[in-house]
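1. build me a model from this:
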Amino acid sequence: MGMPNGARVHGLLLAAGAGRRMGMPKALLSREDGQSYVEAACRTLIEGGCSDVLVVLGARADEVQARLDAADLPQVRTTRCVDWAEGMGASLRTGLQHLQQLSTEHGDTGHEAALVHLVDLPDVGPGVVRRVLEEGGAPGDGALGTALARAAYDDLPGHPVLLGQDHWAGVLASADGDRGAREYLRVNPVQTIPVADLATGADVDTPADLGHARPMRPDEVFRDVGAVRAALGETGYLADEGLGTVTYLAHALSRPLLLEGEPGTGKTALAEAIAQVLAVPFIRLQCYEGIDATQALYDWDFPRQILHLRTVEAVASAGGPTREGEELEAELFDQRFLLARPVLRALRESPCVLLVDEIDRADDEFEAFLLEVLSTWQVTIPEVGTVTAQTPPFVVLTSNRTRELHDALKRRCLYHWIDHPGLARELEILRTRAPEVPEQLAEQVVTLVQQLRHEGELIKPPGVAETLDWARALQALGASRLDPEVAASTLGTAVKYREDADRVRRALDRMLTR
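-> I've put the predicted structure just below:
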């Protein structure tokens, strides 16, 4: 199945992100051959069969533009997304609006499409693009506008995504935040085109991903307890047998996982590691005193609604069409004005990992609301309808036990208490997470932290997070061993109360001479 005669497919490259976890925009990263990621992605789209490429710029746009200018690619043009920080949805809207304008100016309707691609997929080459275009292009004269297809890597949907012109308006209406076209693709029939024999589709999100293997499928990660522990270990999270078992069972039984323990023992990090292993979105709901369902579910973007009202009034005053009553109300409560909060995002963006952090800080009413959502995996928005998760998210709840949780919530979850690790395990964690720390220094730091926990009588004993911070701080100062003077000067990385700091300083000589 090929492209209809006269059809044009515009490559639409989203390259606006700041790459915060990478420390720089991914568009500016360099490959081994010296090409920037943005240049290489443009060449991939052109060599794969796109007639031209539109690159959406955002963070450090001038620098990215300079890279493209130096590459001398006449088929490439750019546009800038002013609200790129809102997420992929904003970039996608900017790109499609630009293409719509060009299409209108040129009188092209019905036989155009956009092939949406991301700048941070370095192993996706022209072969993938070519296959998606050849197999995804709808047959028949002018029928390219109806095409809706995307690449699939071992049955996992990915990019590039082929959007026929008939679908642009629908995507523009639904694209929001980091979802991009996900909501539109979820509710419309999409042709998936297997390309796993050509590429992994793995994205580059952190420095560790520069050479990252393909994302693992859920059935690979959760094959057995050993597979779970091994997969988590590849991210640097070392789970013991008990934690590995309860994580495996939470997936097998489709139950939320409730983790309790002292701060700094790795509760939050487990949820992040699971999301990293599965290569799915990580969504965090941070609980606090006074949080209610509105902060967790959704809200309406009142400033934009008011702006829309004023625009409608201005158009009507100028003699344009008027909209009143139910029509205007439907416009005001359209999806584009809906601000999705973490719980709604988790239901929409499944599969994903939802972290409900420090649930003990919320009140009984919020706990009851959360229990209902965890039981049904759906919420109802009066103006929109019911949103149901196609795949229930993997839910991790954490608690520091500032209050007791209700039995009903506990019954819904699988429970595990995470304690501070022993000396050998904590040393293994430090070696894994901070391999740059000298061996002698690592052993001394872990030994001292263990002493502080067991005999320091501290208000807040240091957790594993503080152990890592302390070791990295010492290494950054060039220390190769721990002595009382350097330990005292860096104590603030591990001890967070003045009374604890005074108590530890008095005991450092004794503890370090053992």
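2. what comes up buried for the strand or helix carrying G89?
-> Using DSSP states H and E, G89 sits in helix 88-106. By neighbour count, with 16 or more other CB atoms under 10 Å as the criterion, the buried positions of helix 88-106 are 88-96, 98-100, 103. To be clear about C-beta, it is placed using only N, CA and C from the backbone, and glycine gets the same treatment.
3. okay if I get these as CSV plus distance to L477 and pLDDT?
-> Shown next, in CSV, are these (distance: CB to CB, whole Å; pLDDT from 0 to 100):
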residue, distance to L477, pLDDT
M88, 40, 87
G89, 43, 89
A90, 42, 89
S91, 41, 93
L92, 45, 94
R93, 47, 93
T94, 45, 94
G95, 47, 95
L96, 51, 95
H98, 50, 94
L99, 53, 94
Q100, 56, 90
S103, 59, 82
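4. which one of these sits closest to L148?
-> Taking CB to CB as the measure, L148 lies nearest L96 of the buried residues of helix 88-106, at 13.8 Å.
5. circling back to that earlier point, elements contacting the helix holding G89?
-> On a contact count with 3 or more CB pairs under 8 Å, 6 or more residues apart in numbering; DSSP states H and E, helix 88-106 meets strand 8-15, strand 52-57, strand 76-80, strand 112-118, helix 168-174.
6. what is the fourth one packed up against?
-> Read that as strand 112-118. When contacts are defined as 3+ CB pairs under 8 Å, 6+ apart, strand 112-118 sits against strand 8-15, helix 37-48, helix 88-106, helix 126-136, strand 156-164.
7. quick revisit: least reliable of the helices and strands packed on helix 88-106 going by mean pLDDT?
-> Of all the helices and strands packed on helix 88-106, helix 168-174 carries the lowest average pLDDT, namely a mean of 89.
8. right, and the helix or strand after that one?
-> Immediately after helix 168-174, counting by DSSP H and E, sits helix 182-187.
9. which non-adjacent residue is nearest C50?
-> Once flanking residues are discounted, C50 sits nearest to G11: 3.6 Å by CB to CB, 6 or more residues apart in numbering.
10. mind listing what that neighbour touches?
-> By CB atoms under 8 Å, 6 or more residues apart in numbering, the contact set of G11 is 42, 45-46, 50, 52-54, 114-115, 117, 129.
11. may I see those arranged in a markdown table, with distance to A279 and neighbour count as well?
-> Converted to a markdown table, the contacts of G11 look like this (distance: CB to CB, whole Å; neighbours: other CB atoms under 10 Å):
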| residue | distance to A279 | neighbour count |
| --- | --- | --- |
| C42 | 25 | 28 |
| L45 | 23 | 28 |
| I46 | 27 | 19 |
| C50 | 26 | 27 |
| D52 | 31 | 17 |
| V53 | 26 | 23 |
| L54 | 27 | 23 |
| A114 | 24 | 28 |
| L115 | 22 | 27 |
| H117 | 17 | 27 |
| V129 | 21 | 26 |
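12. domain map for the chain?
-> The chain breaks down into these domains under automatic domain parsing: 8-194, 218-297+341-418, 298-338, 423-512.
13. between those, which gets the lowest average pLDDT?
-> When the domains of the chain are ranked by mean pLDDT, domain 298-338 comes last with a mean of 72.
14. tell me the buried residues in stretch 129-149?
-> Using 16+ other CB under 10 Å as the burial criterion, the residues of stretch 129-149 that qualify are 129-133, 135-138, 142-145, 147-149.
15. what about G492, which SS state?
-> Secondary structure state of G492, per DSSP: H, G, I helix; E, B strand; the rest coil, is helix.
16. how near is it to V76?
-> Using CB to CB, to the nearest Å, G492 is found at 50 Å from V76.
17. who has more neighbours, the two?
-> Using other CB atoms under 10 Å, the more surrounded residue of G492 and V76 is V76, with 21 against 12.
18. residue contacts, the spatially most central residue of the chain?
-> Nearest to the geometric centre of the chain sits P281, at 4.0 Å (CA atoms, centre = their mean). Residues in contact with P281 (CB under 8 Å, 6+ apart) are 178, 275, 345, 349, 352-353.
19. among these, which pair sits farthest apart?
-> D178 and V353 (14.2 Å).
20. of all the helices and strands packed on strand 112-118, which lies closest to A199?
-> Nearest of the helices and strands packed on strand 112-118 to A199, taken as CB to CB: helix 126-136 at 5.3 Å.
21. so what strands line up beside the helix or strand just after the closest one?
-> Following helix 126-136 in sequence order, the next helix or strand is strand 148-153 (DSSP H and E). Counting by DSSP bridges, the strands paired with strand 148-153 are strand 156-164 (antiparallel), strand 191-194 (parallel).
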